[in-house]
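Undergrad: Please work out how this folds:
(chains A, B and C)
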Amino acid sequence: MTTVDLAAWPTTEAAALAEQHRLRPLVEPHGPAPAPGALVAGVDVAYDDERDVVAAAAVLLDLDTLEVVEQATAVGRIAFPYLPGLLAFRELPAVIDALSRLTRRPDLVVCDGYGLAHPRRLGLASHLGVLTGLATMGVAKTPFTFSSTDPGPERGAWTPLVDAGDGSEVGRALRTRAGVKPVFVSVGHRIGLSEAVSAVLALTPKYRLPETTRQADSLCRRALGEAVRG
DNA sequence: GCGACAG
DNA sequence: ATCTTGTCGC
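TA: This is a model prediction of the structure:
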């Protein structure tokens, strides 16, 4: 996989919006769920804004066992400020760097955040998919600007996640643990919504968040700590 | 115009 | 995201 050319990465809001407009038609919102034995990657990023340091992690899990089979990290400078709707420009350079250090190609990448559930239908997960060609999806912890009713209390229950602007279903609120707050699932690239939901259920036998997300979260925090301290 | 707003 | 104490429960 190729890495990001930071010299060509957008630095202004206008340039970022233009880039989203360019990439948006390239999203493929359909595709199969990962097959048994698939390698599913989790990616996440941690920041030290004071020192302008970002650390990303990519962790590869065996979908059958949920065991970590490979992991990689990347450390760099923060490439873009946090602006709602433009999160990809802040997170992706480091994420793609970490993914490029894996020796095996993931069958699916699970992101922290959204894919098509985005004001311009190009959230972090979809953006990553288009840039890399990988199948991607997003699992977010909060509903962003979208709305949904509360799913039933049992694991597996879901309700549509709707964009009030046009009334379209942009994702699903999914209960991954009985009686616990739902997560918000959306398509990234080369996977369908029902398939993305089934992948999340396969990754959440025990906790609210996918095992991929949990592993990537702890690894990027460790990497940031080592980069900043020792 | 103002607030809200993935991480 | 990050800053942060205690607390309830398996």
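Undergrad: Do you know the pLDDT at the residue nearest to A:R90 when sequence neighbours are not counted?
TA: Spatial nearest neighbour of A:R90, chain neighbours left out: A:F80 (4.4 Å); criterion: C-beta to C-beta, 6 or more residues apart in numbering. (Each C-beta comes from the backbone N, C-alpha and C, glycine too.) Predicted confidence (pLDDT) at A:F80: the value is 96.
Undergrad: Tell me how many other residues surround A:F80.
TA: Residues lying near A:F80 (other C-beta atoms under 10 Å) number 20.
Undergrad: Now do the SS call for it.
TA: coil (DSSP: H, G, I helix; E, B strand; the rest coil).
Undergrad: what does A:V54 give?
TA: With three-state DSSP as the criterion, A:V54 reads strand.
Undergrad: That one and A:F80 touch, don't they?
TA: No: using C-beta atoms under 8 Å, A:V54 is not in contact with A:F80; the gap is 10.0 Å.
Undergrad: and the residue nearest to A:R90, what does it touch?
TA: A:W9, A:P10, A:T11, A:A16, A:L86, A:F89, A:R90 (C-beta atoms under 8 Å, 6 or more residues apart in numbering).
Undergrad: and if we set it to 10 Å?
TA: A:9-13, A:16, A:54, A:86-93 (C-beta atoms under 10 Å, 6 or more residues apart in numbering).
Undergrad: tell me which of those is nearest to DNA strand B?
TA: Minimum distance to DNA strand B across these is 3.5 Å, recorded for A:L87 (C-beta to the nearest atom of the strand).
Undergrad: Quick one: neighbours of that closest one, just the number.
TA: The local packing of A:L87 (other C-beta under 10 Å) involves 21 other residues.
Undergrad: who's in contact with it?
TA: A:V45, A:F80, A:C111, A:D112, A:G113, A:Y114, A:H118, A:G123, A:L124, A:H127, A:F144.
Undergrad: gap between the third one and A:R222?
TA: Between A:C111 and A:R222 the computed distance is 19 Å (C-beta to C-beta, to the nearest Å).
Undergrad: Just want to know which of those two has more residues nearby.
TA: A:C111 (33 against 14).
Undergrad: what's across from that one in the sheet?
TA: For A:C111, the beta-bridge partners are A:G138 (DSSP bridges).
Undergrad: Which of the contacts of A:F80 fall in helices?
TA: Judged by DSSP state H, helices contain the following of the contacts of A:F80: A:E13, A:A16, A:L87, A:A88, A:F89, A:R90, A:E91, A:L92, A:P93.
Undergrad: among the residues you listed, who's most crowded?
TA: Neighbours here mean other C-beta under 10 Å. Within these, the largest count is held by A:A88, at 27 neighbours.
Undergrad: doesn't A:L128 make contact with that one?
TA: Yes: at 7.1 Å, A:A88 counts as touching A:L128 under the criterion of C-beta atoms under 10 Å.
Undergrad: Look up the residues that both of those two are in contact with.
TA: A:V95, A:C111, A:G113.
Undergrad: From those residues, pick the one nearest DNA strand B.
TA: A:G113 (3.2 Å).
Undergrad: What sits closest to that closest one if chain neighbours are left out?
TA: A:L124 (4.2 Å).
Undergrad: Now do the same contact list for the residue nearest the centre of chain A.
TA: Nearest to the geometric centre of chain A sits A:C111, at 1.3 Å (C-alpha atoms, centre = their mean). The neighbours of A:C111, taking C-beta under 10 Å, 6+ apart as the test, are A:41-45, A:87-88, A:91-92, A:95, A:123-129, A:136-140, A:186, A:188, A:212-213, A:216.
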